[in-house]
Each structure stands twice: as structure tokens, then as C-alpha cells.
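Trainee: here is my input, please return the structure:
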Amino acid sequence: MNSETYLDFCFIRKSIGNFSEEVDQMLSKLFEGVRLNWYLDEKIEEDMEIVVAEVKGMSKWQSEEETIAFIEEHAEEKFWDTLQGYKMFIYPAKRGCGSCGTH
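Mentor: Below you'll find the predicted structure:
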């Protein structure tokens, strides 16, 4: 069953331009085939580019641990070089509504 998936990533690097485009490409490769969408917010402060990626959608992962394992296995080196922080919430689908005693 699919889970509601909410991921936030913060990427930072020295300002050289086009960082949000590069982050978009990284996420496109990383989450290819996964039903996730993202919004990118880019800022430049003190000669540093900061991109915050808000990712959400449905995934097959049932826990944060499964999500981290997937990312560790599939993310490219540039992802790890620029990632400064993350937050994630995975809400697995529950079977039944619980009101009639079925599971």
C-alpha cells in the first residue's frame, strides 16, 4: 500500500548560479518512477545559494528508515555534497477505518 510522503531538504553551496535547476534535476533522477512532486525555494545569502525542497506525494515506503535507505542507495554524490539538512514524515495507509471492526 502507498504512504503519504512529506520530505523537506535543505541544500547549500557557494553561489555559482542555477542551483535550483540542478536540485530539480537531482530530485528528478532520484525520484524517477515515484509519485512525488516538489516545490523549490531558492535564496542567496552571504554568497551562498540555499535551496529548500518541499517534496510530497505518495510512495511505497512504509517508514522513514525505508525512505532513508532508498535515498542512500540512489542519490548521487552531488546530492550528498550539498545536502545540509532534511525532515521527513511517512504516513502509511491504514486498512479500514476502524469504525466497524474490520482491518
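Trainee: and the strand or helix carrying residue 87, how far out from the chain middle?
Mentor: Using DSSP states H and E, residue 87 sits within strand 83-92. The chain centroid and the centroid of strand 83-92 are separated by 7 Å, computed with CA atoms, centre = their mean, to the nearest Å.
Trainee: try stretch 66-83
Mentor: 10 Å.
Trainee: what residues sit buried inside the strand holding residue 87?
Mentor: 83, 86, 88, 90 (16 or more other CB atoms under 10 Å). C-beta coordinates here come from the backbone N, C-alpha and C atoms, glycine included.
Trainee: what sits against the second one?
Mentor: Neighbour list for residue 86: 7-10 [criterion: CB atoms under 8 Å, 6 or more residues apart in numbering].
Trainee: please pick the buried ones from these.
Mentor: 7, 9.
Trainee: can you list the contacts of residue 86 in a markdown table and add secondary structure and distance to residue 19?
Mentor: Listed next are the contacts of residue 86 as a markdown table, based on DSSP: H, G, I helix; E, B strand; the rest coil; distance: CB to CB, whole Å:
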| residue | secondary structure | distance to residue 19 |
| --- | --- | --- |
| 7 | strand | 18 |
| 8 | strand | 17 |
| 9 | strand | 13 |
| 10 | strand | 12 |
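Trainee: return the member of the contacts of residue 86 nearest to residue 1.
Mentor: residue 7 (18.7 Å; CB to CB).
Trainee: what segments of the chain are strands?
Mentor: 3-14, 36-45, 48-59, 83-92 (DSSP state E).
Trainee: on that earlier part again, okay, now the sheet partners of the strand holding residue 87, with direction.
Mentor: Here strand 83-92 is paired, per DSSP bridges, with strand 3-14 (antiparallel).
Trainee: circling back to that earlier point, turn the contacts of residue 86 into JSON lines, including distance to residue 56 and pLDDT.
Mentor: Shown next, in JSON lines, are those (distance: CB to CB, whole Å; pLDDT from 0 to 100):
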{"residue": "7", "distance to residue 56": "7", "pLDDT": "98"}
{"residue": "8", "distance to residue 56": "9", "pLDDT": "98"}
{"residue": "9", "distance to residue 56": "12", "pLDDT": "98"}
{"residue": "10", "distance to residue 56": "16", "pLDDT": "98"}
